[in-house]
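> kindly return the folded structure for what I paste below:
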Amino acid sequence: MMSGLLGRRWKGYGILLFTLALGFFILTRLDRSTLQDSNRDSHKDSEQSDRHSAVKSESGEDSTPGWDLEQENPRLIERISDVILPAADPKSILKISKEIQLGQVGQIEHVVSYFKNKKGGFFLEAGAFDGEYLSNTLYLEAQFNWTGILIEPNREAFKTLITRNRKSKLLNSCLSVHRYSEEVTFDAADVVGGILGDGPDTKGWVPADKRAKYRLRCFPLYSIIMALGNPKIDFMSLDIEGVELAVLETIPWSKVDIETLLIEVEHSNSAAISSILQSHGYRIDHMFGKQDIFYVKY
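Here you go, the predicted structure:
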């Protein structure tokens, strides 16, 4: 009697265990199938958004993972925001070695006149060098409480820039000549540094101790502006040794608000630069010889 009862009980346990095992097996298969489908969808989205990164990684041109993204990609914009250095404390003392100049040939005197001594404006200066020498924004910051962002690719110059206590954000980067982020070989030739391979080498006069070549990350100008929150830019200074036109061609002009631009045209096609800016609603306000042109929005 007891033996029969135990036998039926063990048989019942066996059926229960088999049922549980079967259920677990079915659930596992379903979860695995769902996960595979999810991974396929995620991979497809990733391929679409990072298509340029995939192509470049396979070619071996640029092995930096996760940075080669299109200029509107939110991940790129977030990462740029993370590497932008904050402005110096407003109470800190500006550290400069000489009297503040009004530009190399008086450009900033004209800018100040155009804005009628406006206070608290916002600027973007690409090619900021050490934040003092030939600066197109230092006077605006020091005399009229402007702020903005200073972009400089030369590592040694950028180290000095950090010590100046400029009341503006800082970014050690070059500007991409494409609508995506890329890594390039940068020729850090003192104040005339540039991307290696973009035109003939005209920097032979720079002493060897002030020249170096290294890999550097270039960000699209539009992505940088987005990383700042897409502010209205009262004044943009672009002095990037010959790639001004290529950078201007990457900007989706209908999505930004830039009132005036000071563009160095000495090493660029000034007619092409004027053509593209005029097509986006700008006019030539003043020409500083063959060196710079100041453009304003209609």
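> what stretches of the stretch 1-150 of the chain score poorly on pLDDT?
1-66 (pLDDT under 70).
> hmm, residue 263 and residue 296 touching each other?
No: applying C-beta atoms under 8 Å as the test, residue 296 and residue 263 come out as separate, 12.0 Å apart. (Each C-beta comes from the backbone N, C-alpha and C, glycine too.)
> who's more crowded, those two?
Set residue 296 next to residue 263 and count neighbours by other C-beta atoms under 10 Å: residue 263 wins out with 24 against 16.
> got a list of what the closest residue to that one other than its chain neighbours touches?
Excluding its sequence neighbours, the residue lying closest to residue 263 (C-beta to C-beta, 6 or more residues apart in numbering) is residue 238, at 5.0 Å. If you count contacts by C-beta atoms under 8 Å, 6 or more residues apart in numbering, residue 238 has them with 126-127, 244, 247-248, 261-264.
> hmm, try it at 7 Å
In this structure, residue 238 makes contact with 126-127, 244, 247, 261, 263-264, judged by C-beta atoms under 7 Å, 6 or more residues apart in numbering.
> quick one: contacts for the residue positioned nearest the centre of the chain?
The centroid of the chain falls nearest to residue 219 when counting by C-alpha atoms, centre = their mean (3.4 Å). Going by C-beta under 7 Å, 6+ apart, residue 219 touches 80, 173, 175-176, 181.
> repeat that for 6 Å
With contact taken as C-beta atoms under 6 Å, 6 or more residues apart in numbering, residue 219 is in contact with 80, 173, 176, 181.
> now those as CSV including neighbour count, secondary structure and distance to residue 73?
Conversion of the contacts of residue 219 to CSV gives the following (neighbours: other C-beta atoms under 10 Å; DSSP: H, G, I helix; E, B strand; the rest coil; distance: C-beta to C-beta, whole Å):
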residue, neighbour count, secondary structure, distance to residue 73
80, 22, helix, 10
173, 21, coil, 16
176, 25, coil, 13
181, 26, coil, 9
